[in-house]
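K.L.:
got a predicted structure here, sequence first:
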Amino acid sequence: MSTTVDLAAIESAVKHYLSPEGPSVLECCRTFGVSEGTLRRVLKARGIVARSAVEQKRKKVVEHFAGGPGADRLADAEPTAEAILAAAEVDIGDMQSGLEVARGCLRRLKELVPKAADAREIKLIAEANEKAVLTIRKIRGLDAPVDFSDWSDDELEQFARTGRMPSGRR
């Protein structure tokens with residue numbers, strides 16, 4: 001059983017997938033009559049990771065806040081100093097609110113520690129404390145960037161799955 005491969009259709013599907021509209025793999029497959037597996041193999045061979053719905057949403061949000069197509073006043077080619085200042089003040093307010101919430105969590109957790117008796121309660125308090133402190137450190141810029149270049153695949157997978165540094169990596 002021999003099947004002919006329509007290279008022009010595959011190339012068109014890849015170009016469509018990479019277009020600014022950012023269509024899904026399935027949409028490209030339907031439009032150009034290419035199987036999903038074939039298109040994903042070609043994209044992977046070219047080093048292009050097919051975007052999931054979550055990745056597509058994240059891209060739109062990042063574009064919005066980075067001045068992309070859906071951005072607010074800062075999307076202009078020459079934003080005014082007032083627009084930049086206004087946008088910065090909104091971001092500063094958001095970060096300040098985040099700090100206040102994280103600090104409030106820490107204060108409340110400190111009150112709960114003496115009352116905690118059950119191991120599950122203690123574990124929950126410890127995890128909430130860790131998240132609040134990490135939030136504060138991230139907002140304040142207190143952590144140096146992590147260099148993942150010498151990490152093993154197992155360590156990267158564990159970090160991606162749990163969000164915690166593997167033992168021996170601090």
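P.N.:
Ah, there it is.
K.L.:
which helices and strands does the longest helix anywhere in the chain pack with?
P.N.:
Using DSSP state H to define each element, the chain has its longest helix at helix 81-112. Counting contacts by 3 or more CB pairs under 8 Å, 6 or more residues apart in numbering; DSSP states H and E, helix 81-112 packs against helix 119-140. For the C-beta atoms, the positions are set from N, CA and C on the backbone; glycine is no exception.
K.L.:
residue ranges with poor pLDDT in the protein?
P.N.:
For the chain, the stretches with pLDDT under 70 are 1-5, 49-57, 64-79, 144-146, 170.
K.L.:
about what we covered before: next, the buried residues of the longest helix of the chain.
P.N.:
Of all the residues in helix 81-112, those buried under the rule 16 or more other CB atoms under 10 Å are 87, 102, 105, 109.
K.L.:
mind putting the residues you listed into TSV with distance to Val14?
P.N.:
Formatted as TSV, those follow (distance: CB to CB, whole Å):
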residue	distance to Val14
Ala87	36
Ala102	44
Cys105	47
Leu109	51
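K.L.:
and of the residues you listed, the nearest to Ser152?
P.N.:
Nearest to Ser152 among the buried residues of helix 81-112, counting by CB to CB, is Ala102 at 31.9 Å.
K.L.:
which residue is nearest the middle of the protein?
P.N.:
Arg58 (6.1 Å; CA atoms, centre = their mean).
K.L.:
perfect, I'm done here.
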